[in-house]
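K.L.:
pasting the sequence and the predicted model now:
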Amino acid sequence: MYPSLVVFVLAFSLATLALDNGLMRTPPMGWLAWERFRCDIDCKNDPSNCISERLFRDMADRLAEDGWRELGYVYVNIDDCWSSMERDKEGRLQPDPDRFPGGIPKLAKYIHDRGLKLGIYGDLGTHTCGGYPGTTLDKVAVDAQTFADWGVDMLKLDGCYSNVTEQAKGYPLMSKALNATQRPIAYSCSWPAYQGGLPPDVNYTQLGEICNLWRNYDDIQDSWDSVLSIVDWFSDNQDVLQSAAGPGRWNDPDMLIVGDFGLSLEQSRSQMALWAIMAAPLFMSNDLRTLSSEARAILQNKVLIGINQDPLGVQGVRLLKEKSRIEVFWRPLVDSASALVFFSRRTDMPYRYRTSLLNLGYPSGSYKVYDVFTEKTLPVLKHDTYFTVSINPTGVVTWLLTPTMHWGQAQEAMKYNFVEEAIDSTFL
Ligand SMILES: *[C@@H]1O[C@H](CO)[C@@H](O)[C@H](O)[C@H]1NC(C)=O
Ligand SMILES: *[C@@H]1O[C@H](CO)[C@@H](O)[C@H](O)[C@H]1NC(C)=O
Ligand SMILES: *[C@@H]1O[C@H](CO)[C@@H](O)[C@H](O)[C@H]1NC(C)=O
């Protein structure tokens, strides 16, 4: 009846090399246009809600002024549909002059002046997914140099309109070309998403050597179903994916849609907590100008961000999938700390889930438990003490755990009645 003991095997290999540009030692954080603003180029009616210079300046202002930058959200990232339909006379990409009248270098300066970084989008292929000029193999070097000249700090290279052979050549080629510009430019590769995301078609060792992050799976949509399908795919394939991730090289389950239209409050908390467990890049795609205070509180939760940004850089895993449709996720953190997410896939009512840390594979000892969303410290918990958490439908209970002392010491301390004896603590 009880879940079998989970053996704590850290499947990460410290020997695996990361792309040697020194960037993204923790998952990148910032804002990315795509999910919320897509390819809306109709700027005539409302220049602030289309892919335009105005939109990116507005988002930079919000990141700088509303407390985001200090929390680590520093990237302002352009996605598809920014460019002109034609390259310039020298064969370089150029922005649509109507929507980016100041040009990209000026926008980059605006962003840099606010202590932020600029990301841009390209596509390895004849066209971008939105039909704009793509980066064919003969254009890789010139496009890398153009982005560097403009002061770009990150490139997302999509993979529409290219085949397996071209991708196998082009993604490593762009990595070399970016390096040759001598400007540190973080590199996001959509390559695995075009090859099914799994070995043998995807070589994660190679990806870690040439890219800082990569999209493995489908684009996120503004819906709970989309979030669930992504969580399932990443959990079902966690044995492969966990070892691919580490400082400087991250799996990217795609943008945060917290603050948009598709998720309830509980679901928004779930996405943020699970993205923290997965060591996912935290790129929000929402409208920071009109964000609700509830969405802001979730996205600015310091403890969750701390879990996401843990310097050990080990991607967390799903420990258990119960028949009751409760799932338990776990991520090891520095100094023997860890995070647990109790996630309910139920749609009926809050579910009381009973377990112990021992059942979840924790070593003997006592643990300090902090509930990330209620912001309460719970009574010290022994590994074999049963507890019950009440998890809302489609919601999470998220804990940060730190060992207080070893079990021997704990027993010693108990002689002095130091550790509270709780047979079955119920945390509601
Ligand atoms: C990929 O496209 C190139 C043209 O750019 C072509 O020469 C090659 O045969 C194609 N390869 C495959 C596997 O389709
Ligand atoms: C380019 O690669 C070399 C060798 O891997 C590395 O030392 C250097 O920092 C890289 N430069 C940039 C700008 O990424
Ligand atoms: C994967 O890439 C690594 C590093 O580039 C390479 O050494 C290895 O042979 C590749 N593995 C396969 C199965 O191709």
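P.N.:
Perfect, I can see it now. Ligands and ions are numbered 1, 2, ... in the order given.

K.L.:
run the chain-centre distance for the strand or helix carrying Tyr171.
P.N.:
Assigned by DSSP states H and E, Tyr171 belongs to helix 164-180. Chain-centre distance of helix 164-180: 24 Å, with Cα atoms, centre = their mean, to the nearest Å.

K.L.:
is it positioned near ligand 3?
P.N.:
No: using Cβ under 6 Å from any ligand atom, helix 164-180 stays clear of ligand 3, with a minimum separation of 8.7 Å. C-beta here means a position set from N, CA and C on the backbone, and glycine is covered the same way.

K.L.:
ok, then the element right after that helix?
P.N.:
Helices and strands here follow DSSP H and E; after helix 164-180, the next one along the chain is strand 186-189.

K.L.:
ok so, going back, which elements pack onto the helix holding Tyr171?
P.N.:
For helix 164-180, the elements it packs on are helix 140-150, strand 154-158, strand 186-189, helix 191-194, helix 204-210, judged by 3 or more Cβ pairs under 8 Å, 6 or more residues apart in numbering; DSSP states H and E.

K.L.:
neighbouring contacts of that helix?
P.N.:
Contact with helix 164-180 is made by 19, 21, 124-125, 135-137, 140-141, 143-145, 147-148, 155, 157, 159, 162, 185, 187, 189, 191, 194-195, 206, 210-211, as judged by Cβ atoms under 8 Å, 6 or more residues apart in numbering.

K.L.:
apply 6 Å and report the result again.
P.N.:
124, 137, 140-141, 144, 157, 159, 185, 187, 189, 191, 210 (Cβ atoms under 6 Å, 6 or more residues apart in numbering).

K.L.:
quick one, phi/psi of whatever residue of the stretch 101-250 of the chain ends up closest to ligand 1?
P.N.:
Of all residues in the stretch 101-250 of the chain, the one sitting closest to ligand 1 is Asn163 (3.7 Å; Cβ to the nearest ligand atom). Phi and psi for Asn163, reported as degrees, to the nearest 10, are phi -100, psi 180.

K.L.:
how many neighbours does it have?
P.N.:
10 (other Cβ atoms under 10 Å).

K.L.:
look up how far Leu137 lies from it.
P.N.:
From Asn163 over to Leu137 the distance is 11 Å, taken as Cβ to Cβ, to the nearest Å.

K.L.:
domain ranges for this protein?
P.N.:
Here the domain parsing of the chain from automatic domain parsing is 18-308, 317-427.

K.L.:
select, out of those domains, the one closest to ligand 2.
P.N.:
domain 18-308 (3.5 Å).
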